[in-house]
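[1] generate a structure from the sequence data that follows.
(one chain, ligands or ions: 2)
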Amino acid sequence: MFSGYRCTRCGAVYPPDRQIYLCPRDGAVLDVTYDWKQLDPGAIQSSQERSMWRYLPLLPVSDPGLLATPLRRAGWTPIYALPALAQELGLDQVWIKDEGVNPTASFKDRASALVVVRASEIGASVIVTASTGNAGAALAGMAAAAGASAVIFAPAKALPAKVAQLLIYGARVFLIKGSYDDAVLLSQQAAEDFGWYCRNTAYNPFTIEGKKTAAYEMWEQLIADGHSPDAIFVPVGDGNIISGIHKGLRELHQLGWIERIPAIYGVQAEGAASIANAFLNQSETIEAVRANTLADGIAVDLPNDGYRALRAVTETGGAYLKVSDTEILSAVQRLGLAGIFAEPAGAAAFAGLRKALREVQITADQRVLVLNTGSGLKDIGAALRAVGEAPVIEANLTALKRAMEVID
Ligand SMILES: *Cc1c(COP(=O)(O)O)cnc(C)c1O
Ligand SMILES: [Zn+2]
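    Ligands and ions are numbered 1, 2, ... in the order given. The predicted structure follows:
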């Protein structure tokens, strides 16, 4: 049962009926707390629900209702074994969990679905978020499915596919002359001024609760099956996904349902590596950068969930890695050859695994799970940069043969 909130910095606790974002004392992020008694893992494992909502007993909301809507379809994404890729990397086992198949095609659906259900429980009809694109698309889509209104603030440079999603789902969209971090600030001011419910990542304590369901799925899809991964690779922007994976695994450990927590590896783009920088300096002080990477989903100046994201790695014996845009594009291309089309931010995790192997942080006997957080259809410009354009030819055999000679 949802029992309240605890500040991640000062430890102050707040009751569950209080409508709250950050800790009123020190402005730190809040953890959602639970009081679990007599929870039966078997009841979850035998559930017929094939979405994140199979974990309702472990979530801070009641039944989402809305059967057979996109909101009800978030989560329960597939995990694929990739033996050819594992062999190429010299690893025992590589799995990928593909979040690109979520209803709006990114991991963010988990957080937005949960926040939309929470909004309906507290009677909030307008939900606002700042977003580089995916969080907004997810909120707009989930809100549309539930009949709520969404207001989205995104950088004017947001990718066309993501902006199209926002508009098609009927959100009110404002493109900001500025960065994602500027959009965050304005959205919070607007939320306060207009009395809107704010979904902002980590600012709203419920986003991580939706995201932790991916860890529960890893438990059911792999760990409970005797295939525990030794390491999990996660792309990191604000740090809310990696914190969610960590929280989900910690909760399963506290419940006694898993024996040990795998090492968690965070991967950031070189040009937006504030948390990785702190990790490499062995510091808990996360300093803002000016984000510069083509992986827009992780282009964050100052992360909103940096401390928890740092601890996800330090407490599990993992590490942070930085990858270049060139390495990210190469990862997009390699995953494509395995049948998985990832957007750059999603492919960053795989680029991080390759780097960890070169830097000898992962040994051959390890079993590794890599998260792809978004569909490649979100950013076809990056995809074409990774692989180049196809030749255009006359519609006859001679032209075909000439073109094939050039290619071969
Ligand atoms: C948001 C996002 C991330 C990063 O998640 P954070 O919680 O911000 O760390 C990674 N990949 C994609 C595709 C995203 O949209
Ligand atoms: Zn506090």
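[2] sticking with the residue in the stretch 251-400 of the chain that ligand 2 sits nearest to, tell me its helix or strand.
    Scanning the stretch 251-400 of the chain for the residue nearest ligand 2 gives Tyr307, at 11.6 Å (criterion: C-beta to the ion). Every C-beta, even on glycine, is put in place using the N, C-alpha and C of the backbone. Per DSSP states H and E: Tyr307 is located in helix 306-314.
[3] just the CA atoms from that helix would do, formatted as CSV, please.
    Coordinates of each C-alpha in helix 306-314 appear next as CSV, following Å, rounded to 0.1, in the frame of the first residue of the first chain:
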residue,chain,number,x,y,z
GLY,A,306,21.0,13.2,-10.7
TYR,A,307,21.5,12.0,-7.1
ARG,A,308,19.4,9.0,-7.3
ALA,A,309,20.9,8.3,-10.8
LEU,A,310,24.4,8.4,-9.3
ARG,A,311,23.4,6.1,-6.4
ALA,A,312,21.8,3.6,-8.8
VAL,A,313,25.3,3.0,-10.1
THR,A,314,27.5,3.4,-7.0
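[4] which strands and helices sit next to it?
    Applying 3 or more C-beta pairs under 8 Å, 6 or more residues apart in numbering; DSSP states H and E, one finds that helix 306-314 contacts helix 240-254, strand 263-269, helix 274-280.
[5] quick one: residues contacting whichever residue of the stretch 101-250 of the chain sits closest to ligand 2.
    As assessed by C-beta to the ion, ligand 2 sits closest to Pro205 within the stretch 101-250 of the chain, at 12.2 Å. Going by C-beta atoms under 8 Å, 6 or more residues apart in numbering, Pro205 touches Tyr5, Ile20, Tyr21, Val29, Leu30, Asp31, Val32.
[6] kindly report the same for Pro235.
    241, 266-268, 295, 297-298, 345-346, 348-349, 352, 371, 373.
[7] so which of the residues you listed belong to strands?
    Gly266, Val267, Gln268, Leu371 (DSSP state E).
[8] check the third one and give its pLDDT.
    Right, Gln268. The model reports Gln268 with a pLDDT of 98.
[9] show me the beta-bridge partners of it.
    As for beta bridges, Gln268 partners with Lys322 under DSSP bridges.
[10] how many neighbours does it have?
    The number of residues packed near Gln268 is 30, by other C-beta atoms under 10 Å.
[11] spell out the secondary structure type for Ile96.
    strand (DSSP: H, G, I helix; E, B strand; the rest coil).
[12] ok, it - how many residues close by?
    Other residues within reach of Ile96, judged by other C-beta under 10 Å, total 26.
[13] distance check, it against Pro160.
    Applying C-beta to C-beta, to the nearest Å, the value for Ile96 to Pro160 is 27 Å.
[14] so which elements touch the one helix or strand in the chain whose mean pLDDT sits lowest?
    The helix or strand of the chain with the lowest confidence, counting by mean pLDDT, DSSP states H and E, is helix 397-407 at a mean of 88. Counting contacts by 3+ C-beta pairs under 8 Å, 6+ apart, helix 397-407 is packed against no other helix or strand.
[15] where do the strands of the stretch 51-200 of the chain begin and end?
    Using DSSP state E, counting those that start in this stretch, the strands of the stretch 51-200 of the chain run over residues 79-81, 93-98, 126-130, 149-155, 172-176, 197-198.
[16] name the helices or strands packed onto the longest one?
    It stands for strand 149-155. Against strand 149-155 (3+ C-beta pairs under 8 Å, 6+ apart) you get strand 126-130, helix 134-146, helix 160-168, strand 172-176, helix 180-194.
[17] so, low pLDDT: which residues of the chain?
    For the chain, applying pLDDT under 70 flags the ranges 407-408.
[18] so which residues on it come close to ligand 1?
    Within reach of ligand 1 by C-beta under 6 Å from any ligand atom, the chain has these residues: 106-108, 134, 201, 235-241, 297-298, 343, 345-346, 373-374.
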